[in-house]
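**Q** turn this into a structure:
(chains A and B)
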Amino acid sequence: MASLPPIDLPSNATDAGAFDAPAADTDAPLFEFLLRLGDDSLILGQRLSEWCGHAPSVEVDLSLANIALDLIGQATFFLDYAGEVEGKGRDGDALAFHRDVLDFRNCWLVEQPNGDFAQTMARQLLFSTWQKRLFQHLVQCADARIAAIAEKAVKEVSYHQELAAEWVIRLGDGTEESRRRMQDGLDWMGRFVPELFEMDDLASFLAERGLAPELAAFRADYDAQVGAILAEATLTMPAAQRPILGGRRGHHSEHLGHLLCTMQFLPRTYPDATW
Amino acid sequence: MVRAVAAAVQDEGLWEVLASVADPEIPVISIVDLGIVRAVQANRVVITPTYTGCPATQVIERDIRDALDAAGYRHVRIETALSPAWTTDWITAEGRAKLHAYGIAPPMPAGQRAPACPQCGSPQTEEISRFGSTPCKSLWRCRDCAEPFDLFKCH
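**A** Residues are numbered from 1 along each chain as shown, chains lettered A, B, ... in the order given. Now for the predicted structure:
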């Protein structure tokens, strides 16, 4: 085989594939950042609300509905602000209900299906541990409004993280079946963790201006925190796999489209509907 | 001077109106007892949400508007401030007493591990679930009288 001429690849496209061009839109980085924050919360809130009426016990049902409410509350603050920054007259509802799947900026982890209860708890532990660290940093954000939202939300996220950690430990260090399911859940969700720490052009731009932390810098801390919980649960973090990236630039798994169908159906069918 | 006095009197009137607005989830306490009214001036009322996703927040704003309208305050803006974040430390002593009388254990002082049962007063209580019927409450049970009860979570 003839050797090919060298090719100049953008540094952040190597892991993810041809569709991941570097984020071109740096005209409105704050808007994009707010979408990332708001969409993470919105999509996970919607996912968790699917458990309503189906959870293993009424207490768990209430817990998941409460976490979903907190997340949707965060999303409302972030997306309302995003709409104001954008200046095109869109509010949080317009952004949540009238954007198409390619315009969503959430990470892959939050859009993954609930699976069984163990898989849901694996996702929650991996996400809430990360979100708590992120919000702890964002309390110092150069943007006062983001700092205020983070200050408000971080107390709630601590609860989410504790609840998930307790369940992961209880199921992991439980029966043979609960342990197997908990490990399966982690194995499924683990591959979406590297995306949480991805530093693409936008993330670097934001970090340089004190708007967002260097995500990669708290990876070690995150691994230690999750690792301690998994050790107590007698579970192991799945081995590193090829990272799946792209959610931050609008490339999603098939699951997100189905989620949006359910979430957006009513406001799109009856655009002027109010409570 | 006259204007300043008039403004102060109006502030007091506004506080009275706000003290008449009940929390929609726990109607025995007012929004002033709950500590979510952050500032009152002649033409503006600043409130802060308890929990980010608390569905009562929108209802509270509407109830304030209704109460202001009914009392003749038609030019008062209602604003929301997030920072500093609300904490249960801002619940008034009167608010705590009202919660207790209603059967909800008020938030515990730092360091206390279990609340006293609001029904029988026993300190032998245990947590059933960290998340209760509303974002601000957790679910507990008394080991002595066996009654379940809500605890207003420290936050």
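
**Q** tell me the centre residue of chain B?
**A** Central residue of chain B (C-alpha atoms, centre = their mean): B:L34, 2.1 Å from the mean position.

**Q** residue contacts, A:Q264?
**A** A:96-98 (C-beta atoms under 8 Å, 6 or more residues apart in numbering or on different chains). Quick note: C-beta positions are derived from backbone N, CA and C, even for glycine.

**Q** so which of those is the most crowded?
**A** Per-residue neighbour counts (other C-beta atoms under 10 Å in any protein chain shown) across the contacts of A:Q264 peak at A:A96, which has 23 neighbours.

**Q** can you tell me the SS state at whichever residue of chain B sits closest to chain A?
**A** Going by C-beta to the nearest C-beta, chain A is nearest to B:G53 of chain B, at 2.7 Å. Look at B:G53: counting by DSSP: H, G, I helix; E, B strand; the rest coil, its state is coil.

**Q** what count of nearby residues applies to residue 99?
**A** Chain wasn't specified; assuming chain A. Counted with other C-beta under 10 Å, the neighbours of A:R99 add up to 18.

**Q** was after chain B, sorry
**A** 24.

**Q** mind listing what the closest residue in space to it that isn't next to it in sequence touches?
**A** Of all residues not flanking B:L99 in the chain, B:P106 sits nearest, at 4.6 Å (C-beta to C-beta, 6 or more residues apart in numbering or on different chains). B:P106 makes contact with B:91, B:95-97, B:99-100, B:115, B:152, according to C-beta under 8 Å, 6+ apart.

**Q** show me how to select, in ChimeraX, the buried members of the residues you listed.
**A** For the buried members of the contacts of B:P106, the matching ChimeraX selection, counting by 16 or more other C-beta atoms under 10 Å in any protein chain shown, is:
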select /B:91,95,96,99,115,152
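
**Q** could you redo the contacts of B:P106 as a markdown table and give each row pLDDT and secondary structure?
**A** Compiled in a markdown table, the contacts of B:P106 are given as follows (pLDDT from 0 to 100; DSSP: H, G, I helix; E, B strand; the rest coil):
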| residue | pLDDT | secondary structure |
| --- | --- | --- |
| B:I91 | 94 | coil |
| B:G95 | 94 | helix |
| B:R96 | 94 | helix |
| B:A97 | 94 | helix |
| B:L99 | 94 | helix |
| B:H100 | 93 | helix |
| B:P115 | 93 | coil |
| B:F152 | 91 | strand |
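
**Q** buried sites along the helix or strand containing A:F127?
**A** Here A:F127, judged by DSSP states H and E, is contained in helix A:117-138. If you call a residue buried by 16+ other C-beta under 10 Å, then helix A:117-138 has these buried ones: A:117-138.

**Q** for stretch A:171-185, same thing?
**A** A:171-172, A:174, A:178-179, A:181-183, A:185.

**Q** what about that stretch, distance to the chain center?
**A** 24 Å (C-alpha atoms, centre = their mean, to the nearest Å).

**Q** tell me which residues are up against that stretch.
**A** Here stretch A:171-185 has contacts from A:115-123, A:168, A:170, A:230, A:232-236, using C-beta under 8 Å, 6+ apart.

**Q** mind giving me the domain split of chain B?
**A** In the domain annotation for chain B, the residue ranges read B:2-89, B:103-152 (automatic domain parsing).

**Q** could I get the ones you listed as TSV with distance to A:Y222?
**A** Listed next are those as TSV, based on distance: least, C-beta to C-beta, whole Å:
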stretch	distance to A:Y222
domain B:2-89	23
domain B:103-152	23
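
**Q** contacting residues for the closest residue to chain B within the stretch 1-150 of chain A?
**A** Ranked by C-beta to the nearest C-beta, the top residue of the stretch 1-150 of chain A for proximity to chain B is A:G73, at 2.7 Å. By C-beta under 8 Å, 6+ apart, the contact set of A:G73 is A:153, B:49, B:51-54.

**Q** just B:G35 next, same as before
**A** Applying C-beta under 8 Å, 6+ apart to B:G35 gives the contacts B:86, B:88-92, B:95.

**Q** next one, pLDDT for it please.
**A** B:G35 carries a pLDDT value of 93.

**Q** next, it: secondary structure please.
**A** coil.
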